[in-house]
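Colleague: Fold the following, please.
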Amino acid sequence: QVQLVESGGGLVQAGGSLRLSCAASGRTFSSYAMGWFRQAPGKEREFVAAISWSGGVTYYGDSVKGRFTISRDNAKNTVYLQMNSLKPEDTAVYYCAARAFRGHPLIDSYEYSDWGQGTQVTVSS
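Modeller: You can find the predicted model right below:
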């Protein structure tokens, strides 16, 4: 099991950028597949991005392709989500997720075993 703490959320104008961070506890972070999901009020949780344990493979949700970039630093036990060209529809609580898995990135929320508490991202028009 790994403990996850997100940070970096906030209020930004449309067209702006934010970088979210997710710090993980534990000594086996490099064996974990990591992902970012988001949930807006009244909507289901949505896949945003995922990265393999090595960082070599990444997947993105269609709504964020070309604007968001997921990356990881295994030496710092941290995964990042760089968000550019933000839109009001990106407003949501963003969650970091993890699962011990040395394979391809995971895109379904049920595949993840550990979740952070979430960080709010609000994009004003």
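Colleague: in this protein, which ranges drop under the pLDDT threshold?
Modeller: Regions of the chain meeting the criterion pLDDT under 70 are absent.
Colleague: what's near enough to touch the residue nearest to the spatial centre of it?
Modeller: The centroid of the chain falls nearest to Trp36 when counting by Cα atoms, centre = their mean (2.4 Å). Applying Cβ atoms under 8 Å, 6 or more residues apart in numbering, we find Trp36 in contact with 20, 22, 48-50, 70, 79, 81, 94-97. Just so you know, the C-beta spots here come from the backbone N, C-alpha and C atoms, and that holds for glycine as well.
Colleague: if we look at the sheet, which residues does it bridge to?
Modeller: In this structure, Trp36 bridges to Ala49, Cys96 when assessed by DSSP bridges.
Colleague: hmm, back to that, I'd like the contacts of Trp36 as a markdown table, with neighbour count and distance to Ser7 appended.
Modeller: Below are those laid out as a markdown table (neighbours: other Cβ atoms under 10 Å; distance: Cβ to Cβ, whole Å):
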| residue | neighbour count | distance to Ser7 |
| --- | --- | --- |
| Leu20 | 24 | 7 |
| Cys22 | 26 | 8 |
| Val48 | 24 | 16 |
| Ala49 | 26 | 17 |
| Ala50 | 25 | 19 |
| Ile70 | 23 | 15 |
| Val79 | 29 | 12 |
| Leu81 | 27 | 11 |
| Tyr94 | 23 | 10 |
| Tyr95 | 23 | 13 |
| Cys96 | 28 | 10 |
| Ala97 | 24 | 15 |
